[in-house]
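Q: no sequence for this one, just the structure:
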């Protein structure tokens, strides 16, 4: 048995072990970049609370199935256990589960497709990360977005898994920007913006997510809160669609961008905070743009706006040095990637 | 004159030599990954039979012109003769020819565009392959898909080459999943699924293709047959569009994925067979998803679902070792690529 | 203060210096690959003339603001001054300014978005160029296209910046190819084709652009003139949409392709001229195809057809040697890139 930092990696595949539960919870946390069982626990509680509050309990069970299937798939494919142990196999799968049960009818075929798609995210992630490795970026939740888009589109020509809860395809046109701006309502929109990361429309869920994030790392909680608030301000000022704003649909992508740029890929400092704020604002426009782009297909943007914007802000490879000359810190998030980079650097130095 | 393995490479450009005809036939075979004149011969027979059976003989002549133009273009551009000799210049061009005469009206401008687009696939392929080389994948038939999409879209604003036989652009909506499931009909759908690789709607053509594939390599025939059958099963079970299924439009991409994953890029063994089956199933959903995505444009998906799915299954760079420790075998399909990889590996080793 | 070739790089950020004005003019020229203050001056005159002639003076002021903001952003981000000095920070920003004021209503929020988007092009360009560097191509005006697409789409769900002058989203359908073919009219279409590079619908502007180009480099003027003429011929012969042709909307992308392939990235010789002509023709079809693709969104193709086509023609990395064995010349256009390549080559040689 291999031991690294006291973690038994072989346990990942033993679904009756306590460690497996921890891995599942870390997978839940990793959607928001938290390698933390406590974050995962609170997020999962939030998902169950919100799903049942909405009368859509299946969304929560879809999440569990997606998480379980993708984690096991990583094990079956014998991918590096270090990734699995950090929950990096499961975070796309749990989102697949939420999305399928949010948008598709509850049929046996929807569940079969959910299982297939969750599993697929694991090797799609491996492939995407191979493609992106030279530029030191990661595929984030794009494996979830890409595969789920294909399956949700498929549902429109498959009566076996009907797209019951998806929008009707239509040409971009009129919309109403009417929205209550009472303080209490704004707080609800703000919290729902956080909750919608997992496609949950509940302010309680948003609050639980913020608690989980803060327990994992205070800056994660702070940036999630800031991001949802800033995004809400921008989209209200630019007078976006009222009902979407009220349901938090302009908040979830900026929340992820905020956590990514604010504390995951850059050290927390004044310059990176400014960069992160700019990124949060940009995400609002990317979200609006993608929403319109997908209107003729009646397809949700999912977390694509976060992925695209965060890539746009990481790809220039800017380093925001502060007095102490700290460099870009890709943190502990993805050890495997760091090792690869290190090898590449050593190879490059060997050349010189 | 350069001789490699007894083949006179300079002959590629001599259109009156026997070798040139062989090169053209190999180009036909390469659409299905077969560097084989016999496979090409049977496939070409299938194209002519099916085209005339449908009363669209021009499709077959379009194929010949596309094949000829693209093969000559490779020669004119002085690309490496080894590629040309294996038919790797012509396989995109022949598909361009089939597609243009399937979807566009028979005008002088359609033919001019066909010639231009066939030629263009040759350098687009060179460019795409350069882009993809670092990840050890190939552009497959994407040069055909990409350029043909652009020209077919163009046709909608050019009265000179009217898009007479393309679908009307419409928002995704209702469809009928009615379909006869009589055994004889299922066999016809299954064979048409193979024939549609070249946009031919004829079960006889499908049978000729299977014969040609099997003559080249029994596993090519076996995987093509399995892939069309599995795809048919999946799309019927998920209750897809009846008329599309009956015309074999859910079969052709899985057939190509099956040949690619089942015997071209992996050694034939139990693990790779399982991987290939998963790939075939995934292709069905990618096909359905792309079909819906392109509905507002009235554009056919062509072989894009095969390309996308096969990339998704090759990019993780999994090696399915069996007892004898065999590794991923990129076979004899693209010698040039292998040589490049070898050089890259040697360079990498030199660094260490 | 750093001096290279007698240029004070630190001056880029001093907006009251004469050098800053030169940098702004070079940024204007760089849209058409001209590192020339005189080209920039004539182009800017053309923009002002055309904008006021059309009664849309704001387009010219948008251009100035976009240029200013993006140039200052490059300075604030402390990007390599050599780039800024050549106008490579500003050329995307000026196009953002033209596009926003052409398509959006004149509100405070449209201007805020214009400023934000202009700034964003600078780091998006840095990121895109990092991505493309391994294949020795540049992002061209794609940072402008990509970010502007997102913001223009956004405008459809933001009442704060209404898409007043954008086309109505509709499914691709009927169009009229009626067009006056009188010689005088053809000359006007031809000159408007040049002017539309900056979204200006004025033949005087086109003439001013041609003068500016020719002052910078006679081949730039010649290829721009040839490209607009050839594109006009092709789209008329294929009977494209009459009103678009009359407004020069099929000319601007080919003009950019012509300058790029004809004299910027290849030495001027007979073979590269042939290659350039093929590229110009291809651009017409890419333009038509993208126009149709974007119809359901009511989104303009901007200069995407130029970017895509030029990439397709550069990525094969063909070298058109003439007697004197000249090689592909990426000219003086982007010194930074060349230096990177040189370093890469030296590293590669060190390996051997």
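A: Yep, that arrived. Remember, it's a predicted structure, so these values are computed and weren't measured experimentally.
Q: Can you tell me which helix or strand of chain A has the lowest average pLDDT?
A: strand A:3-4 (a mean of 39; mean pLDDT, DSSP states H and E).
Q: The closest residue to residue A:186 other than its chain neighbours in helix, strand or coil?
A: By the measure of C-beta to C-beta, 6 or more residues apart in numbering or on different chains, the closest residue to residue A:186 outside its immediate chain neighbours is residue A:232, 6.9 Å from it. For every residue, glycine as well, the C-beta is placed using N, CA and C. Using DSSP: H, G, I helix; E, B strand; the rest coil, the three-state assignment for residue A:232 comes out as helix.
Q: tally of neighbours for residue A:232?
A: Counted with other C-beta atoms under 10 Å in any protein chain shown, the burial measure for residue A:232 works out to 23 neighbours.
Q: correct me, but it touches residue A:193?
A: Yes: between residue A:232 and residue A:193 a contact is recorded at 6.2 Å, counting by C-beta atoms under 8 Å.
Q: Return every residue with contacts to both of the two.
A: When contacts are counted by C-beta atoms under 8 Å, 6 or more residues apart in numbering or on different chains, the set common to residue A:232 and residue A:193 consists of A:250, A:251.
Q: which residues in the stretch 1-150 of chain A form strands?
A: Along the stretch 1-150 of chain A, counting by DSSP state E, counting those that start in this stretch, strands occupy A:3-4, A:7-8.
Q: didn't residue A:265 look like it was pressed against residue A:311?
A: No: contact status for residue A:265 versus residue A:311: not in contact, 10.9 Å apart, counting by C-beta under 8 Å.
Q: can you tell me how far the nearest residue to residue A:25 once chain neighbours are set aside sits from chain B?
A: With C-beta to C-beta, 6+ apart as the criterion, residue A:25 has its nearest non-adjacent residue at 3.1 Å, and that residue is residue A:40. Noted for residue A:40: a distance of 25 Å to chain B, by C-beta to the nearest C-beta, to the nearest Å.
Q: Residue A:103 now?
A: The gap separating residue A:103 from chain B is 13 Å, by C-beta to the nearest C-beta.
Q: next one: residue A:191
A: In this view, residue A:191 and chain B are 33 Å apart by C-beta to the nearest C-beta.
Q: which one is that residue nearest to, not counting chain neighbours?
A: Taking C-beta to C-beta, 6+ apart as the measure, residue A:191 lies nearest to residue A:206, with 3.2 Å between them; neighbours along the chain are not counted.
Q: and the one you found, how many neighbours does it have?
A: By other C-beta under 10 Å, the residues close to residue A:206 number 31.
Q: Pretty sure it sits against residue A:189.
A: No: if you go by C-beta under 8 Å, residue A:206 and residue A:189 don't touch, sitting 9.6 Å apart.
Q: Please enumerate the shared neighbours of these two.
A: Taking C-beta under 8 Å, 6+ apart as the contact definition, residue A:206 and residue A:189 share the neighbouring residues residue A:248.
Q: Please list the residues outside stretch A:114-121 that contact it.
A: Residues lying outside stretch A:114-121 but in contact with it, judged by C-beta under 8 Å, 6+ apart, are A:62, A:65-67, A:69-70, A:73, A:92-93, A:96-97, A:100-101, A:143-144, A:147-148, A:151, B:281-282, B:285, B:312.
Q: buried set for it?
A: Of the residues in stretch A:114-121, those with enough neighbours to count as buried (16 or more other C-beta atoms under 10 Å in any protein chain shown) are A:114, A:115, A:116, A:117, A:118, A:119, A:120, A:121.
Q: What is the neighbour count of whichever residue of the stretch 201-350 of chain A sits closest to chain C?
A: Nearest to chain C in the stretch 201-350 of chain A, going by C-beta to the nearest C-beta, is residue A:315, at a distance of 3.0 Å. Residues near residue A:315, counting by other C-beta under 10 Å, number 20.
Q: What sits closest to it if chain neighbours are left out?
A: Closest residue to residue A:315 in three dimensions, ignoring its sequence neighbours and counting by C-beta to C-beta, 6+ apart: residue C:127, at 3.0 Å.
Q: Pretty sure the one you found sits against residue A:316.
A: Yes: between residue C:127 and residue A:316 there is a contact under C-beta under 8 Å: 4.6 Å.
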